[in-house]
Every structure is written in C-alpha cells, then in structure tokens.
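Engineer: Got a predicted structure here, sequence first:
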Amino acid sequence: MHPRKPHKTIIVLVAFLALQILSAFAQNHQYVLNWSATVYTTSPDGRVVASRFTSKDVIRIIAENNGITDLRSLAFVYRADKRDTAVVRLSDGGMVSDWQQIQYSYTDVAGSNGSTVKQAFLNDEYHDQAIGSLFGIENWRHNAGGVTTSYSFRGNFNYAMPETGAVYSGTFSTGRRVIDTSEP
C-alpha cells in the first residue's frame, strides 16, 4: 500500500466531517407557522365586523403576488435565525417572499434552559413605522454537539393596517421544520 493513500483518506474524511459539523452549526432554522387572527374592520353601514385571517390567507396573498397557482406547494414559516416570517416552497424550502419581521426592535429574556421570552415590534416592508407587536416564548433544545433537536415558538400578536382600517389580533405557534436546500 502506498503510504500517502491512507493519509489522503484521513484528510478527506476529516474534511467531510468538518463540513458536516459546520453545516450543523449553520442550520437554516425555519418552521411552519400556524398563524390565526381575528380581523376587525368597519362595514359599509358602520358596524365593527370580525373575520378570520390565517396562515392560508398569507400564503394565498403571497402566491397571488408571485403568480403561483399551486398553494399546496407553499408554506408560511417563521425563520428563527432571521427573526422574520416568510412564504417558502415546500419542495426546497427556498423563499418566495417575506411577510413580517421582528428583528428591528425587540427584547429577549433568555434562560439557561433554552427558553426565551420575546417581546418585539412587528414591521413589514410597506410601512415606515412598526405596525404592531408580538409576545411569545421560544424554546430551543440542542444536543451535545450543538445541533438543534427541537424548537418551538408560540405566543400572540396585534397589528394594524391603517390604510385598510383593519386591526388584527391573534396567536401563533411553530410546527415542523422546513429545510432550505435551495442555495448551493
């Protein structure tokens, strides 16, 4: 056996393991978001009217704006690493469009057990100021290697769309993970 061959094999193996470890730390953390709100508006006759607005409505709006007809091919997600919400393709987790963000003004109260209480202002790309706020509890669980083994984020939100005279109040919770494999 040639003396360099085992050496090259070890180098390749170490490089492969290093890439696996780095990819574990650079995980894309996006989770299906169950979003349910009551929307309050004024009817033409002046009464306050309550209606429902859910994750499916967000997906429908984003799909219409992007010319996508198969709504089943999309998911509404919370992207924990980016502190925002988006609609992504289920086939590869790639982003179609973002929705709302909580990354600009927030307070996190973190515990040593992986739980974090979050209060944040909600922003979107269409308004110069915050449109509302969110309160929730986030739970991260990691194994000894630092890889996420479970994640949850649940709470409530309130926001308004002044241009349409609508006030939204609701709850949210995360579900299964959607891995983004769209980028090389």
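Structural biologist: Good, I have the coordinates. Residues are numbered from 1 along each chain as shown.
Engineer: Point me to the helix or strand that includes the spatially most central residue of the chain.
Structural biologist: Nearest to the mean C-alpha position of the chain, by CA atoms, centre = their mean, lies Tyr78 at 1.2 Å. Per DSSP states H and E: Tyr78 is located in strand 74-79.
Engineer: tell me the mean pLDDT for that strand?
Structural biologist: In this model, strand 74-79 has a mean pLDDT of 97.
Engineer: hmm, who's touching that strand?
Structural biologist: Residues outside strand 74-79 that contact it (CB atoms under 8 Å, 6 or more residues apart in numbering): 28-33, 35, 55, 58-59, 62-63, 68, 84-90, 96, 99, 153, 172, 174, 178. Yep, even glycine has a C-beta here, placed from its N, CA and C like the rest.
Engineer: right, and the helix or strand after the lowest-mean-pLDDT helix or strand in the chain?
Structural biologist: Least confident helix or strand of the chain, by mean pLDDT, DSSP states H and E, is helix 4-25 with a mean of 44. Using DSSP H and E, the helix or strand that directly follows helix 4-25 along the chain is strand 30-42.
Engineer: Nearest spatial neighbour of Ser115, chain-adjacent residues omitted?
Structural biologist: Asn139 (5.2 Å; CB to CB, 6 or more residues apart in numbering).
Engineer: That neighbour and Thr148 touch, don't they?
Structural biologist: No: Asn139 lies out of contact with Thr148 (CB atoms under 8 Å); the separation is 10.7 Å.
Engineer: Okay, buried residues for stretch 174-184 please.
Structural biologist: Thr174, Arg177, Val178, Asp180 (16 or more other CB atoms under 10 Å).
Engineer: next one: it to chain centre, how far?
Structural biologist: In terms of CA atoms, centre = their mean, to the nearest Å, the centre of stretch 174-184 is set 10 Å apart from its chain centre.
Engineer: so what pLDDT did the residue nearest to the residue nearest to the centre of the chain when sequence neighbours are not counted get?
Structural biologist: Nearest-residue entry for Tyr78: Leu33, 4.5 Å, with adjacent residues in sequence omitted and distances by CB to CB, 6+ apart. Reported pLDDT at Leu33 in the predicted model: 97.
Engineer: what's the spacing between Leu33 and Met161?
Structural biologist: 19 Å (CB to CB, to the nearest Å).
Engineer: out of the two, which sits in the more crowded spot?
Structural biologist: A count of neighbours by other CB atoms under 10 Å puts Leu33 above the other of Leu33 and Met161, at 22 against 16.
Engineer: Would you quantify the distance from that one to Leu122?
Structural biologist: 13 Å.
Engineer: just to revisit the earlier point, which residues does the residue nearest to the centre of the chain form beta bridges with?
Structural biologist: According to DSSP bridges, the partner residues bridging Tyr78 are Tyr31, Thr85.
Engineer: Good, we can wrap up now.
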